[in-house]
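Novice: Next come a sequence and a model predicted from it.
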Amino acid sequence: MKGPRRRVFAGLAAVMLVTASCASDDEPVADESDTTTGTSPATQPPEDETAEQPASTTAPTETTEATQTTDPGAPEDDGPAGAGGTLVVAISDDPGQYNPALTTSGSVHTASELMFSGLVSYDDDYAPQPDLALSWEIEDDGALYRFALRDDVAWHDGTPFTSNDVKFTFENVLTEFHSRTKASVGALLVSVDTPDDTTVEFRFSEPYAPLLQQLDVTEAPILPAHIYANGDIEGNPANLEPVGTGPFMFGSRTPDEEIVLVKNPDYFEDGLPILDEVVMRVIPDAGSQVLALESGEVDWLWGVPGPDLERFRNDDRYGTLDTLVNPGGANCIMTVSFNLDRAIFQDVQVRRAIAHALDREAFVERVAFGQGNAATAPISSGIPTAHADGLDLPDFDPDEAARLLDEAGWVRDGDGVRTAQGVDGVDDGTPLRFGVHLFPNFAPYGELMKALLIEIGVDLEINALERATMVEQVFTDRNFDTNVISYCNGTDPEVGIRRMYISGNIAPIPFSNSSGYVNTDVDALFDEARNTVDPAARAEVYRTLQEILVDELPYYWLVETTSTRVFTAECSGFKAFGHFAESASCSRE
């Protein structure tokens with residue numbers, strides 16, 4: 001193993017270059033995402049009748065574009081020459097717990113997904129393939145799903161895996177703690193039945209089309225019932241020493257330094273994994289991660305700062321993988337949330353003014369360094385069946401922003417900070433000053449926001465907080481003004497979008513409805529879309545829904561991010577997400 005636009009932009013260019021290069025990235029990846037994993041904001045790393053063959057159960061969705069610049073090869077059953085050894089992976093932080101069923105956090109999923117499995121996995125076209133489930137049938141127009149499970153799977157402690165583990169995980173964990181599953185599956189799931197140890201049936205109150213897009217290790221990692229059935233799930237010791245069914249097992253942990261995973265010798269996929277170990281090494285600084293890869297200290301980066309990317313692409317000592325999927329979720333959008341409990345944000349004209357002050361293209365160019373596109377709708381363009389074109393999303397227009405603030409009672413004397421004059425719920429003379437909560441790796445977004453907002457007389461305070469503190473303040477205590485989060489949309493609006501907007505999801509659940517948005521029409525439209533089978537009719541429902549959201553602006557959508565993995569060419573066989581190192585191997589010189 002080896003060892004490691006406007007004048008405001010003139011003053012920002014150098015700052016953003018350095019800041020983005022040194023920022024560390026779901027929750028990622030990573031869903032802090034919900035996508036918190038990679039190394040910089042530039043890399044945020046975040047649904048027939050009966051189907052006997054997995055690939056035929058759903059039409060492929062073009063959400064993952066993976067390009068591997070080195071030949072991944074096809075590992076033989078006994079592993080290729082040079083099998084074994086250690087892969088060292090750079091991660092930006094130690095998330096402090098490793099139970100991916102409790103959260104959509106990219107940092108948690110980055111560190112833990114290799115230890116767990118879902119009922120299905122996905123190919124590069126995001127079509128479901130067998131994992132813990134060998135096959136499935138869909139009946140009652142999609143109100144009943146029946147899965148035939150493998151009978152040769154054991155938990156890492158030797159206990160046989162059974163259908164009861166699936167039932168327990170969905171009924172007690174995923175529909176209680178996982179924000180996307182709770183908001184979607186949890187609303188319609190009637191029961192999870194287990195006719196025998198190798199059969200599990202999901203019964204819904206009505207047809208539920210997206211289920212097969214919600215069953216991989218990211219959306220539905222299965223937990224061992226015999227370990228979690230008694231006591232506090234969130235406080236279970238196994239959250240620190242996981243027991244899963246994945247290709248790698250928990251080996252050891254040195255807090256805030258590294259997590260060591262070791263090969264699962266009893267893994268149910270023949271000949272896999274090939275590697276003996278995967279070491280997750282904590283390197284918070286993006287620039288330091290790059291240096292560690294170049295020196296041979298690490299072998300894999302979830303992403304690199306934009307300025308370094310082209311250099312790696314043109315160097316045959318490295319391979320790259322481009323993807324829209326991250327640990328924590330797919331089709332992620334960097335999003336500004338407004339706390340609608342705050343008096344200053346209860347006026348939509350103020351929210352619209354702030355949106356007009358934020359230049360989405362500048363965020364793409366100067367923070368994401370071209371790794372992504374300016375968002376144009378509340379639903380990602382990576383979901384073409386639901387994404388609406390031609391919406392009247394506020395464009396960058398500082399003059400219009402200033403006009404709206406003047407009309408709303410936020411007056412400005414010269415170039416200073418605006419103050420309230422006749423604003424409902426706000427004392428006259430109160431400065432227009434508020435904070436933005438974000439993860440440290442998203443600090444470059446905060447810096448550019450601050451620079452843009454001061455131009456219209458708004459003073460922004462940046463609060464960069466570690467994951468646990470930010471999640472508590474935003475989602476539990478609701479003690480924040482605005483935040484920037486990477487919300488991963490998934491491959492269907494039911495998977496990752498519904499949870500952001502429905503009123504029933506204002507709850508102490510990470511990466512749920514952070515704005516506290518309530519609109520019963522929006523709630524009803526989500527239900528209507530879920531129950532609409534005709535794709536064109538469903539798309540029209542989602543267009544109507546997005547028109548309302550753009551009009552009311554509980555959030556503002558900045559950047560649809562893409563991610564690029566970079567790794568040493570001595571290693572190959574990677575996937576871009578999920579069990580990314582399951583079939584990887586390294587040939588050391």
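Specialist: Received, thanks.
Novice: Flag the shaky bits of the chain, pLDDT-wise.
Specialist: Applying pLDDT under 70 to the chain flags the ranges 1-83, 589.
Novice: what's in contact with the longest helix belonging to the chain?
Specialist: Ranked by number of residues, the top helix in the chain under DSSP state H is helix 535-552. Helix 535-552 is contacted from outside by 348, 377-379, 385-388, 391-393, 493, 501, 517, 519, 521-522, 525-526, 528-529, 532, 555, using Cβ atoms under 8 Å, 6 or more residues apart in numbering. Quick note: C-beta positions are derived from backbone N, CA and C, even for glycine.
Novice: Are any of the residues you listed buried, and if so which?
Specialist: Buried subset of the contacts of helix 535-552 (neighbour count, 16 or more other Cβ atoms under 10 Å): 348, 377-379, 385-388, 391, 393, 493, 501, 517, 519, 522, 525-526, 529, 532, 555.
Novice: Restricted to helices, list those.
Specialist: Judged by DSSP H, these include 348, 493, 501, 522, 525-526, 529 as members of helices.
Novice: Considering those residues, which is situated nearest to residue 249?
Specialist: The closest of these to residue 249 turns out to be residue 493 (Cβ to Cβ; 35.6 Å).
Novice: helix/strand/coil for residue 463?
Specialist: Assigned by DSSP: H, G, I helix; E, B strand; the rest coil, the conformation of residue 463 is strand.
Novice: That one contacts residue 439, correct?
Specialist: No. In this structure, residue 463 is not within contact of residue 439 by Cβ atoms under 8 Å, at 10.4 Å.
Novice: neighbour count winner among those two?
Specialist: In this view residue 463 and residue 439 are compared by other Cβ atoms under 10 Å, and residue 439 has more residues nearby, 34 against 17.
Novice: Buried residues in the longest helix of the chain, which are they?
Specialist: Residues of helix 535-552 classed as buried by neighbour count (16+ other Cβ under 10 Å): 538-539, 541-546, 548-550.
Novice: what's the farthest-apart pair in those?
Specialist: 538 and 550 (18.8 Å).
Novice: where along the stretch 101-250 of the chain do the helices fall?
Specialist: For the stretch 101-250 of the chain, the helices defined by DSSP state H, counting those that start in this stretch cover 106-112, 163-169, 175-177, 179-183, 185-188, 225-228.
Novice: could you dump these to TSV with distance to residue 342 and mean neighbour count?
Specialist: Below are the helices of the stretch 101-250 of the chain laid out as TSV (distance: least, Cβ to Cβ, whole Å; neighbours: other Cβ atoms under 10 Å):
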stretch	distance to residue 342	mean neighbour count
helix 106-112	27	33
helix 163-169	37	23
helix 175-177	27	17
helix 179-183	22	26
helix 185-188	28	20
helix 225-228	38	19
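Novice: just so I know, which of the ones you listed lies nearest residue 272?
Specialist: Using Cβ to Cβ, the nearest of the helices of the stretch 101-250 of the chain to residue 272 is helix 106-112, at 18.2 Å.
Novice: starting at the chain centroid, how far to that closest one?
Specialist: 10 Å (Cα atoms, centre = their mean, to the nearest Å).
Novice: helices or strands next to that helix in the packing?
Specialist: Counting contacts by 3 or more Cβ pairs under 8 Å, 6 or more residues apart in numbering; DSSP states H and E, helix 106-112 is packed against strand 86-91.
Novice: quick one: strands adjacent to the strand it packs on?
Specialist: Paired strands of strand 86-91, with direction, are strand 277-282 (parallel), strand 300-301 (parallel) (DSSP bridges).
Novice: need the next SSE after the last one, C-terminal direction.
Specialist: Using DSSP states H and E, the helix or strand that directly follows strand 300-301 along the chain is helix 306-313.
Novice: go on, the first one?
Specialist: Using DSSP H and E, the helix or strand that directly follows strand 277-282 along the chain is helix 286-294.
Novice: Pull the distance from that following helix to the chain's centre.
Specialist: That offset, for helix 286-294, works out to 23 Å (Cα atoms, centre = their mean).
Novice: Could you give me the buried positions within it?
Specialist: Using 16+ other Cβ under 10 Å as the test for burial, helix 286-294 gives 286-290, 292-294.
Novice: Tell me the helices and strands packed up against that helix.
Specialist: On a contact count with 3+ Cβ pairs under 8 Å, 6+ apart, helix 286-294 meets helix 7-22, strand 86-91, strand 300-301, strand 563-568.
Novice: if we go to 7 Å?
Specialist: With contacts taken as 3 or more Cβ pairs under 7 Å, 6 or more residues apart in numbering; DSSP states H and E, helix 286-294 sits against helix 7-22.
Novice: how long is stretch 447-466 from one end to the other?
Specialist: From its first residue to its last, stretch 447-466 covers 17 Å (Cα to Cα, to the nearest Å).
Novice: my read: residue 289 touches residue 90, true?
Specialist: Yes. With contacts counted by Cβ atoms under 7 Å, residue 289 reaches residue 90, the gap being 4.4 Å.
Novice: Residue 559: which element?
Specialist: Element membership for residue 559, per DSSP H and E: strand 555-561.
Novice: Pull up the pairing partners for that strand, direction included.
Specialist: By DSSP bridges, strand 555-561 pairs with strand 332-338 (antiparallel), strand 372-374 (antiparallel).
Novice: And the first one, what's buried?
Specialist: Spelled out, that is strand 332-338. Here strand 332-338 shows 332-338 as buried, counting by 16+ other Cβ under 10 Å.
Novice: Stretch 256-276 now?
Specialist: For stretch 256-276, a neighbour-count test (16+ other Cβ under 10 Å) marks 258-264, 267-268, 272-275 as buried.
Novice: Show me which of these is closest to residue 400.
Specialist: Distance to residue 400 across those (Cβ to Cβ) is lowest for residue 259, with 48.7 Å.
Novice: looking at it, the closest one is touching residue 278, isn't it?
Specialist: No. Using Cβ under 7 Å, residue 259 is not in contact with residue 278; the gap is 8.8 Å.
Novice: what about residue 466, distance to residue 477?
Specialist: 15 Å (Cβ to Cβ, to the nearest Å).
Novice: no, scratch that, I was asking about residue 421
Specialist: From residue 421 to residue 477 the distance is 30 Å (Cβ to Cβ).
Novice: who has more neighbours, the two?
Specialist: Between residue 421 and residue 477, counting by other Cβ under 10 Å, residue 421 is the more crowded of the two (14 against 10).
Novice: Since that was my last question, I'll sign off now.
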